[in-house]
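[1] Sharing a model prediction with you, sequence too.
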Amino acid sequence: MTEIEIRRPRDEVSAFAADPANATAWYKNIKAVEWETPPPAEVGSRMRFRAQFLGRTLEYTYEVRESEPGRRFVMATAKGPFPMETTYTWEDAGEGATRMTLRNQGEPTGFAAMTAPVMARAMRRANEADLRRLKAVLER
């Protein structure tokens, strides 16, 4: 789990971060997002992501599993190289500020399972960098 404090109100941070259409603006490794169901993102919505990670192109479909606007947003893979769940949470962090947490959980399979410790470290570093990028975009 990674977290960051962003000097913007919680409703603004959560609305931006929970909109998959904004993913390419703050996730370095996500190169494209295509909606399989019409926006906005709500429970049952599905989006196809294309990402570059550790030198490989990954394509996967996420389905929104939970959506509590301003508080919690959970997506899990419906299709992809391995099961993955991404959870965002937001809480107030003082006047006009938000603490956001980002958690990715997954069970790598095949070759990826053998490299799981390396992947976990790389994923944590990527998440930290992505949250710093989100902070920069929103505090601009």
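    That came in fine, so what should we check first? Numbers count the residues shown, from 1 in each chain.
[2] average model confidence for stretch 7-26?
    Confidence over stretch 7-26, taken as the mean pLDDT, stands at 97.
[3] just stretch 128-140 next, same as before
    In this model, stretch 128-140 has a mean pLDDT of 97.
[4] So which bits of that stretch are buried?
    By neighbour count with 16 or more other Cβ atoms under 10 Å, stretch 128-140 contains the buried residues 130, 131, 134, 135, 138. (C-beta placed from N, C-alpha, C; glycine too.)
[5] The third one and residue 100 touch, don't they?
    Read it as residue 134. Yes: using Cβ atoms under 8 Å, residue 134 makes contact with residue 100 at a distance of 7.4 Å.
[6] which residues are common contacts for the two?
    With contacts taken as Cβ atoms under 8 Å, 6 or more residues apart in numbering, the residues that reach both residue 134 and residue 100 are 4, 6, 13, 17.
[7] need the buried residues of stretch 128-140 in JSON lines with distance to residue 68, can you?
    Written out in JSON lines, the entries for the buried residues of stretch 128-140 read as follows (distance: Cβ to Cβ, whole Å):
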{"residue": "130", "distance to residue 68": "21"}
{"residue": "131", "distance to residue 68": "20"}
{"residue": "134", "distance to residue 68": "19"}
{"residue": "135", "distance to residue 68": "22"}
{"residue": "138", "distance to residue 68": "20"}
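[8] Render the CA-only coordinates of the lengthiest helix in the chain in PDB, please.
    The helix spanning the most residues in the chain, taking DSSP state H as the definition, is helix 116-139. What follows is helix 116-139 as a C-alpha-only set of coordinates in PDB (Å, rounded to 0.1, in the frame of the first residue of the first chain):
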ATOM      1  CA  ALA A 116       6.800 -12.100  -7.700                       C
ATOM      2  CA  PRO A 117       9.300 -10.400  -5.200                       C
ATOM      3  CA  VAL A 118      10.900  -8.400  -8.000                       C
ATOM      4  CA  MET A 119       7.500  -7.500  -9.400                       C
ATOM      5  CA  ALA A 120       6.200  -6.400  -5.900                       C
ATOM      6  CA  ARG A 121       9.100  -4.000  -5.400                       C
ATOM      7  CA  ALA A 122       8.700  -2.600  -8.900                       C
ATOM      8  CA  MET A 123       5.000  -2.200  -8.400                       C
ATOM      9  CA  ARG A 124       5.500  -0.400  -5.100                       C
ATOM     10  CA  ARG A 125       8.000   2.000  -6.800                       C
ATOM     11  CA  ALA A 126       5.700   2.600  -9.700                       C
ATOM     12  CA  ASN A 127       2.700   3.300  -7.300                       C
ATOM     13  CA  GLU A 128       4.800   5.800  -5.400                       C
ATOM     14  CA  ALA A 129       5.800   7.600  -8.600                       C
ATOM     15  CA  ASP A 130       2.200   7.500  -9.900                       C
ATOM     16  CA  LEU A 131       0.900   9.100  -6.700                       C
ATOM     17  CA  ARG A 132       3.600  11.800  -6.900                       C
ATOM     18  CA  ARG A 133       2.500  12.400 -10.500                       C
ATOM     19  CA  LEU A 134      -1.200  12.600  -9.500                       C
ATOM     20  CA  LYS A 135      -0.200  15.100  -6.700                       C
ATOM     21  CA  ALA A 136       1.600  17.300  -9.300                       C
ATOM     22  CA  VAL A 137      -1.300  17.200 -11.700                       C
ATOM     23  CA  LEU A 138      -3.900  18.100  -9.100                       C
ATOM     24  CA  GLU A 139      -1.800  20.700  -7.200                       C
END
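[9] I'm done for today, thanks for sticking with me.
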